[in-house]
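Novice: Fold the following for me, if possible:
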Amino acid sequence: MTGLTFLLVAMLLLILVAAELFTDALEHLGEKLAISEGVTGSLFAAVGTALPETFVPLLAIFAGTSDAHVNQEIGVGAILGAPLMLSTLTMGLLGLTAFGRRGISGRIQPESTGVKRDLNFFLFAFTVAAAAMWVPTELKIVRAVLSVFLICTYVVYVGMTLRASGKLVSGGHGTRARRPMVLARLGLSTTWATILIQLIGATLLLLIGAKEFIVGVNGVAERLGISALLLSLLVVPIATELPEKVNSILWIRKDRDTLAVGNITGAMVFQGTLLPAMGILLTPWQPRIEVLGGAGITLVAAFWLRLNVRKGGLPVAALVVNVALYASYLWLTLA
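Specialist: Numbers count the residues shown, from 1 in each chain. Prediction:
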């Protein structure tokens, strides 16, 4: 276990460094493009940091073990575990970070229209994805139509988010970098080239860190005798969601609430549309108790967030419920 522990700590540190480089470069990219913080957080940051959890189910299904059933379990668990983790524990960590700076009566105050749009799209798409579990595997055409529908839903979401950007920028919600980029502090000019170099480099480090962290987590899970489905539902998302967690925590600490929350809710939309589209097409996608429990709690957590998003901000105290929902899922699956 000593070697695995060292690997986990080393990869966690790599992810922390990479996340700092990533958020730093992304702020400068958003400023260069003159786009809103909502677009920067909900689209650019969300998609960039969602790469690890996108690769896990694909690798599991197409290049996993020799046991196709195990591969499918890992794929389904990874697809459903990602939005479960984001909507519950990750939002709870965001609340804990805000609590340390703003107190229990404080609020996280993102630009509300973008967060509401994210959560509305997620609730709609993820409900469709959950309902698809009752479509028999023999009805391939119906499953294909549902998969394409979810992909089209994400395309519509991207279009609406981009269209809202101009009005938000003119209203004072444009992306603004508050300090020189890391490469600029090392003596280089802040240009398109240096922004992209730092952004691509940070993304590669995030992917490497998340991939190797997953290796370590898998090793620990095997030592503890955890099943493939539970591993992918509960353990793997802790690693794959680290970029989102760290990025959002860094932004909350800098009082960049729109970027922090948009990074999470935008990733939820990505993971509630494109990832289930893969699951519906490539796996049995059936209503097992662990799967239904995870999907149900995810929808409850997202609905709770939507209820609490107001112009005055998201109450820090309300996010305790999201942590409790994650704890209830642990009790449901491990009891």
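Novice: Please enumerate the strands of the stretch 101-250 of the chain.
Specialist: Counting by DSSP state E, counting those that start in this stretch, residue ranges of the strands within the stretch 101-250 of the chain are 107-108.
Novice: Might you list the low-confidence residue ranges for it?
Specialist: When the per-residue scores of the stretch 101-250 of the chain are filtered using pLDDT under 70, the ranges that remain are 168-174, 178, 214-215, 217-218, 220-221, 224, 226-232, 234-236, 239-240.
Novice: Quick check: buried residues in stretch 292-312?
Specialist: 293-295, 297-302, 304-306, 308-309 (16 or more other CB atoms under 10 Å). (C-beta placed from N, C-alpha, C; glycine too.)
Novice: The strand or helix carrying residue 92 packs against which elements?
Specialist: Secondary structure assigned from DSSP states H and E places residue 92 in helix 91-102. When contacts are defined as 3 or more CB pairs under 8 Å, 6 or more residues apart in numbering; DSSP states H and E, helix 91-102 sits against strand 107-108, helix 242-253, helix 257-282, helix 319-334.
Novice: which of the buried residues of stretch 292-312 lies closest to residue 57?
Specialist: residue 294 (14.2 Å; CB to CB).
Novice: Which helix or which strand is home to the closest one?
Specialist: helix 289-308.
Novice: Distance check, residue 159 against residue 117.
Specialist: Applying CB to CB, to the nearest Å, the value for residue 159 to residue 117 is 11 Å.
Novice: Nearest spatial neighbour of residue 16, chain-adjacent residues omitted?
Specialist: Excluding the flanking residues, the one nearest residue 16 by CB to CB, 6 or more residues apart in numbering is residue 246, at 5.9 Å.
Novice: residue nearest the centroid of this structure?
Specialist: For the chain, the residue lying nearest the average C-alpha position, counting by CA atoms, centre = their mean, turns out to be residue 267 (4.0 Å).
Novice: picking that back up, comparing the helices and strands packed on helix 91-102, which yields the minimum mean pLDDT?
Specialist: Here the helices and strands packed on helix 91-102 differ in mean pLDDT, and the lowest is helix 242-253 at a mean of 83.
Novice: buried residues in it?
Specialist: Neighbour counts using 16+ other CB under 10 Å place 242, 243, 244, 245, 246, 247, 248, 249, 250, 251, 252 of helix 242-253 among the buried residues.
Novice: Can you add distance to residue 322 and give these back as JSON lines?
Specialist: Written out in JSON lines, the entries for those read as follows (distance: CB to CB, whole Å):
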{"residue": "242", "distance to residue 322": "18"}
{"residue": "243", "distance to residue 322": "19"}
{"residue": "244", "distance to residue 322": "14"}
{"residue": "245", "distance to residue 322": "13"}
{"residue": "246", "distance to residue 322": "18"}
{"residue": "247", "distance to residue 322": "18"}
{"residue": "248", "distance to residue 322": "13"}
{"residue": "249", "distance to residue 322": "15"}
{"residue": "250", "distance to residue 322": "20"}
{"residue": "251", "distance to residue 322": "18"}
{"residue": "252", "distance to residue 322": "15"}
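Novice: Among these, find me the one that's closest to residue 275.
Specialist: For residue 275, the nearest member of the buried residues of helix 242-253 is residue 244. The distance, counting by CB to CB, is 13.8 Å.
Novice: Nearest spatial neighbour of the closest one, chain-adjacent residues omitted?
Specialist: Closest residue in space to residue 244, ignoring its immediate chain neighbours: residue 49 at 4.9 Å, by CB to CB, 6+ apart.
Novice: was I right about that neighbour contacting residue 245?
Specialist: No. Taking CB atoms under 8 Å as the definition, residue 49 is not a contact partner of residue 245, at 9.1 Å.
Novice: Determine the number of other residues adjacent to the residue lying closest to residue 45 once chain neighbours are set aside.
Specialist: In space, not counting the residues next to it along the chain, residue 45 is nearest to residue 263; the distance is 4.4 Å by CB to CB, 6+ apart. For residue 263, the tally of surrounding residues (other CB atoms under 10 Å) stands at 34.
Novice: just the one 3 residues further on next, same as before
Specialist: For residue 266, the count of nearby residues is 33 (other CB under 10 Å).
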